[in-house]
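[1] coords please:
(chains A and B)
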Amino acid sequence: MASDCWSLPETLCRFPAMEAKTLRLMRKSIDDGFRDIVRSWADIIDAATVPLQMFLNTLEHAFTDTPWVLVLGLLLAAVWGTARNWKIVLGTAVALCLIGWVGLWQDTMVTLAMVSFCTLVAVVIGLPIGIAAARSDRLQRLVSPVLDVMQTLPSFVYLIPVVVIFGIGKVPGMIAVVIYAVPPMIRLTTLGIRLVDREVTEAAEAFGSSARQKLWNVQLPLALPTIMTGVNQTIMMSLSMVVVASMVGVGGLGKNVLQAINNQFFTVGFLNGFALVAIAIVFDRSSQAFGLRLQKHREAGHD
Amino acid sequence: MTDATPILPADDDEDPVTGRSGIEIRNLYKIFGPEPERHIAAVKAGLTKTELNRKHRHVLGLTDISLSIPPGKITVIMGLSGSGKSTLIRHINGLIAPTTGEILHDGADICRMSPKNLRAFRRHKTAMVFQKFALLPHRTVLGNTCYGLDIQGVPRHESEPVARRWIARVGLKGYEGAYPAQLSGGMQQRVGLARALSTDADILLMDEAFSALDPLIRLDMQAILLELQGELHKTIVFITHDLDEALRLGDRIAILRDGRLEQVGTGQDIVLRPANAYIAAFVREVNRARVIRAATVARPVVAGGDLPEFAVPGTEVLETVARQMTAAGVSHARVLGRRGQVRGTIAISDVLTAMVTPATAPEHELAKG
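    Numbers count the residues shown, from 1 in each chain, chains lettered A, B, ... in the order given. The predicted structure is shown next:
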């Protein structure tokens, strides 16, 4: 079989890999070097992490400690504010009540706190990068492969260095979620701005707009539907990352799913899974309705 | 053919204009590509567009354009697609920078302005109307009309009355709150026009402004433009590929072909004396009765001869003159100048001859072109 190797010499048959010893040495020196660096920076990293950790805890408590009636009321008001659609508000109310009824209220609140904050961070980071990449072809060429890596690299892989640096807890979880959720925000912002009708941006220039005026008067408003799709995608992706983030110590629905996998709790797994789906649908419908509402002016009449 | 009809100097073209500055384009060259400077010398020495494209992969946009655009007049730049007309108009407000050459307005070279000065120039001196309207879809008619003033930093309580006035002036009163998507093409372009007029800029650049409109709407818009121009006397540069539109609107017409100016003159000049075969072919199908004016075909008054009773204004085109003369049942008329003086006489046969004789290029030009 392999021994005669189609009568080819050994090197052409079995791939000539690097010696196991060399590989081991390489691995060891990189890992140790990295660990040493992290150790020597530990104080600074802690100083940066602790306030963030505290903020995340406070946010979580704000969601979990407030009486559910109040939270429910606020959430419904927020959904009404973005969607202006009674059907979506009603759907949200039903979904949340069901979640509470099966005893997942607290966990859902934890997840909700995490997802809202991660989305906010992703938007705050993604929007300016997206705008910058829309303006400069060179930056776009630089950013694009990085985004490809961020989206395709299995999240477990970058969880390793994140955990080495930040340890276990909410902060590494948040970082993992943001890394995973920010690419669509950047990509769709860039795309939206680049797709703005050239004649309209030319008109902005012809009337003497500065770069800032062009951005605020023309590019952002016209790119807004696409940017809103980006926000929507970012929300969906942070929700889907919640389970993975639970592996590094983020609580909530994700943790329950993880436990259900480990213990083969069929019902628990599905209940938590469906709770996640319900939140996803609520977020999706309200953000889409919001995006649609922004485009009211496009409806209509001629052409 | 040699032109048998004597051509009197057309006095309607000598309209003295206010002391405003026109635009002076001098030796403008534009090469598109990564390294235009490397090839400019060769182009000036006579390298053709095709050779430049084949050998160096650069596109020659404009070649040695020198054109003076008089203030207070409509100058039409006419050419087919790819002739460089849109490139040329974008040089006037600096949206495109030339490879070499200068564009002077009020003693300043637009091509060498700092970004800040250029922005100020665009804000206060020029306004532009676009082929596909280029309105902001998320702003109402009022918001769009205020746009130029917004950019200048004029507060809304000052800009809105101005905008409302122009909206009414272009015939859109009552549509202030409508969004562009709710309007027809013709109405959208009226908004485009109102937006351009509201900044009170002296120079109005119109890039195929009416080309996307239906023929009837286009005629409407041309009439609106002419009516407004009768009042405002702006320096208008109008781009079109439609010769009829050029003849209707243009005080002066510049014909562009492959990035070169082929002929510059009044509509009559171009129809009666095409500079070469290309232009002759272009103007052959034109309705000459709507272009040639009575003064052009009038015969000088013979000393001692009788003057006909019936009078027609010299600035009137032959179509109107013919209608007036046949309606009055006369075969001869006197032609009056701008101030009512007699400039010559005209016979109905002269009118007919001028209407039906197509122009051809002079022989020597045919050989060249």
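
[2] From here on, just use CA atoms for contacts and neighbour counts.
    Noted.

[3] Name the residue closest to the centre of chain B, please.
    Nearest to the mean C-alpha position of chain B, counting by C-alpha atoms, centre = their mean, stands residue B:76 at 1.9 Å.

[4] Show the model's pLDDT score for that residue.
    Note on residue B:76: pLDDT of 96.

[5] got the phi/psi numbers for it?
    Dihedral pair for residue B:76: phi -100, psi 130, per degrees, to the nearest 10.

[6] repeat for residue B:100
    Residue B:100 has phi and psi values of phi -140, psi 170 when expressed as degrees, to the nearest 10.

[7] Contacts only, for it.
    Contact partners of residue B:100, counting by C-alpha atoms under 8 Å, 6 or more residues apart in numbering or on different chains, are B:27, B:28, B:29, B:30.

[8] can we see that at 7 Å?
    Applying C-alpha atoms under 7 Å, 6 or more residues apart in numbering or on different chains to residue B:100 gives the contacts B:28, B:29, B:30.

[9] how close does it get to chain A?
    Taking C-alpha to the nearest C-alpha, to the nearest Å as the measure, residue B:100 falls 21 Å from chain A.

[10] where does that residue land on pLDDT?
    Residue B:100 is assigned 93 on the pLDDT scale.

[11] For residue B:66, see how far away it is.
    According to C-alpha to C-alpha, to the nearest Å, residue B:100 and residue B:66 sit 12 Å apart.

[12] what is in contact with these two at once?
    Common neighbours of residue B:100 and residue B:66, counting by C-alpha under 7 Å, 6+ apart, are residue B:28.

[13] Now do residue A:100: how many residues are near it, please.
    Residue A:100 has 16 neighbouring residues, counting by other C-alpha atoms under 10 Å in any protein chain shown.

[14] Which strand or helix spans residue B:308?
    Following DSSP states H and E, there is no helix or strand that holds residue B:308.

[15] partner residues bridging the closest residue to it other than its chain neighbours?
    The shortest distance from residue B:308 to any non-neighbouring residue, by C-alpha to C-alpha, 6 or more residues apart in numbering or on different chains, is to residue B:333 (5.2 Å). Taking DSSP bridges, one obtains residue B:346 as the residues bridged to residue B:333.

[16] Show me the contact partners of the lowest-mean-pLDDT helix or strand in chain A.
    The weakest-scoring helix or strand in chain A, judged by mean pLDDT, DSSP states H and E, is helix A:10-13 (a mean of 82). Helix A:10-13 has contacts (C-alpha under 7 Å, 6+ apart) with residue A:5.

[17] Report the next helix or strand after it in sequence order.
    helix A:20-40.

[18] and that following helix, how far out from the chain's middle?
    Taking the mean of its C-alpha atoms, helix A:20-40 sits 30 Å from the chain's own mean (C-alpha atoms, centre = their mean, to the nearest Å).

[19] tell me the average confidence for the helix or strand following it?
    Next along the chain after helix A:20-40, taking DSSP H and E as the criterion, comes helix A:42-65. Mean pLDDT, computed over helix A:42-65, is 89.

[20] which residues are in contact with the helix or strand just after helix A:42-65?
    Per DSSP H and E, the first helix or strand lying C-terminal to helix A:42-65 is helix A:68-83. When contacts are defined by C-alpha under 7 Å, 6+ apart, helix A:68-83 is touched by residues A:89, A:93, A:286, A:287, A:289, A:290.

[21] buried stuff in helix A:68-83?
    By neighbour count with 16 or more other C-alpha atoms under 10 Å in any protein chain shown, helix A:68-83 contains the buried residues A:68, A:71, A:72, A:75, A:76, A:79, A:80, A:82, A:83.

[22] May I ask which two of the residues you listed are separated the most?
    Distances among the buried residues of helix A:68-83 were taken as C-alpha to C-alpha; the most separated pair is A:68 and A:83, at 21.9 Å.

[23] now the chain, which segments are flagged as low pLDDT?
    You didn't say which chain, so I picked chain A. Residue ranges of chain A with pLDDT under 70: A:1-4, A:299-303.

[24] Sorry, I should have been clearer: chain B.
    B:1-19, B:358-369.

[25] what residues go with each domain of it?
    Domain assignment for chain B, taken from automatic domain parsing, gives B:66-283, B:288-356.

[26] Same list (those) but as JSON lines, adding distance to residue A:133.
    Output for those, formatted as JSON lines (distance: least, C-alpha to C-alpha, whole Å):
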{"stretch": "domain B:66-283", "distance to residue A:133": "22"}
{"stretch": "domain B:288-356", "distance to residue A:133": "53"}
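
[27] What are the contacting residues of stretch A:238-253?
    Contact with stretch A:238-253 is made by A:107-108, A:110-111, A:115, A:118-119, A:168-170, A:173, A:176-177, A:181, A:254-255, A:257-258, A:272, A:280, as judged by C-alpha under 7 Å, 6+ apart.

[28] Just the buried subset of those residues, written out for PyMOL, thanks.
    With 16+ other C-alpha under 10 Å as the criterion, this PyMOL line picks the buried residues out of the contacts of stretch A:238-253:
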select buried, chain A and resi 107+108+110+111+115+118+119+168+169+170+173+176+177+181+254+255+257+258+272+280
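
[29] Return the distance of the residue nearest to residue B:308 relative to chain A.
    The gap separating residue B:333 from chain A is 50 Å, by C-alpha to the nearest C-alpha.

[30] Enumerate every residue touching that residue.
    For residue B:333, the contacting residues are B:308, B:309, B:310, B:311, B:312, B:345, B:346, B:347, by C-alpha under 7 Å, 6+ apart.

[31] which helix is the longest one in chain B?
    What stands out as the longest helix in chain B, according to DSSP state H, is helix B:215-232.

[32] for that one, the distance to its chain's centre please.
    Mean-position distance between helix B:215-232 and its chain equals 13 Å (C-alpha atoms, centre = their mean).

[33] what's the answer for stretch B:137-145, then?
    Relative to the mean C-alpha coordinate of its chain, stretch B:137-145 is positioned 28 Å out (C-alpha atoms, centre = their mean).

[34] ditto for stretch A:254-270
    Centroid separation for stretch A:254-270 versus its chain: 23 Å, with C-alpha atoms, centre = their mean.
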